[in-house]
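Undergrad: Fold the following and give me the result.
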Amino acid sequence: MALGEWLSVTNARELARTQIAKEADELEHTPDAERHELALIYQSKGLGAAEARRSANHEGKF
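TA: Numbers count the residues shown, from 1 in each chain. Prediction:
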């Protein structure tokens, strides 16, 4: 039973690492597209288009 849990956690951790590496690569090579993607995410959470764009542009300055 413990082996199954360990495999599950290990698999989830590796998936997260892969996704983080992919996002880091996209941020480095296509920052404008990533800002646009972030603005769309903010809009899906209820922000207006202009506020979503401002927020996405602000996030990239940290």
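Undergrad: Which pLDDT value goes with the closest residue to Ala49 other than its chain neighbours?
TA: Excluding its sequence neighbours, the residue lying closest to Ala49 (CB to CB, 6 or more residues apart in numbering) is Gln43, at 6.1 Å. Where C-beta positions appear, they are placed from N, C-alpha and C, glycine not excepted. Reported pLDDT at Gln43 in the predicted model: 98.
Undergrad: Would you check how far apart Gln43 and Ser8 are?
TA: To Ser8, Gln43 is 34 Å away according to CB to CB, to the nearest Å.
Undergrad: The two - which one has more neighbours?
TA: Set side by side, Gln43 and Ser8 show unequal neighbour counts under other CB atoms under 10 Å, the larger going to Gln43 at 16 against 10.
Undergrad: Does the more buried one touch Ala52 like I think?
TA: Yes. In this structure, Gln43 sits in contact with Ala52. The criterion is CB atoms under 8 Å, and the distance is 4.6 Å.
Undergrad: where in the protein is pLDDT low?
TA: Low-confidence segments of the chain (pLDDT under 70): 60-62.
Undergrad: And the next helix or strand past the helix or strand hosting Ala39?
TA: Using DSSP states H and E, Ala39 sits within helix 31-44. With elements assigned by DSSP H and E, the helix or strand that comes after helix 31-44 is helix 49-59.
Undergrad: That following helix vs helix 31-44, what angle?
TA: With axes from the mean of the first three to the mean of the last three CA atoms, to 10 degrees as the criterion, the two stretches helix 49-59 and helix 31-44 enclose an angle of 130 degrees.
Undergrad: other SSEs contacting helix 49-59?
TA: Helix 49-59 makes packing contacts with helix 31-44 when contacts are defined by 3 or more CB pairs under 8 Å, 6 or more residues apart in numbering; DSSP states H and E.
Undergrad: If anything else comes up later, I'll come back, but that's it for now.
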